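Student: model this:
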Amino acid sequence: MKCDQAAEFVSALCDGETILPAPAEHIGSCVECQQRLREYLEMGVELRRLASLDVSMPSAAPEWKREPRTIARYWRKACGFQGLHLHCSWRSYSCSDQAWR
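Tutor: Here you go, the predicted structure:
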């Protein structure tokens, strides 16, 4: 593999992605690609540092929406959507089961 082919994988590594074995081996053994990797990482750190200095745009506190208190909300939170579905299926089954008695 050549360095120009491995360049996109260097970027992917800096983004936290997993890459294929061949480019990983090339980057691990190539001085030029390792330097490119260090430069990408340094750029990311520098950009985050500069963003930390920008106090002109304070972040707003998140606005939380309050859901009405309902039984459906309770089941959604307690069991998740699938739990509610299973509960409803079980009730349908038990109701039809009682009809046969």
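Student: which residues of the protein score low on pLDDT?
Tutor: For the chain, the stretches flagged by pLDDT under 70 are 55-59, 74-75, 77-101.
Student: now the helices for it?
Tutor: 3-14, 21-29, 31-53, 71-99 (DSSP state H).
Student: Contacts for the shortest one, please.
Tutor: What it means is helix 21-29. 1, 3, 5-6, 9-10, 13, 33-34, 37 (C-beta atoms under 8 Å, 6 or more residues apart in numbering). Glycine gets a C-beta too; all of them are placed from N, C-alpha and C.
Student: buried subset of those residues?
Tutor: Buried members of the contacts of helix 21-29, counted by 16 or more other C-beta atoms under 10 Å: 6, 9-10, 13, 33, 37.
Student: now, which of the residues you listed sits nearest residue 69?
Tutor: Proximity of the buried ones among the contacts of helix 21-29 to residue 69 (C-beta to C-beta) peaks at residue 13, which lies at 47.3 Å.
Student: My guess is that closest one contacts residue 19. True?
Tutor: Yes - using C-beta atoms under 8 Å, residue 13 is in contact with residue 19, at 6.0 Å.
Student: number of nearby residues for residue 62?
Tutor: Counted with other C-beta atoms under 10 Å, residues neighbouring residue 62 total 5.
Student: so what are the domain limits for this protein?
Tutor: 3-53, 70-101 (automatic domain parsing).
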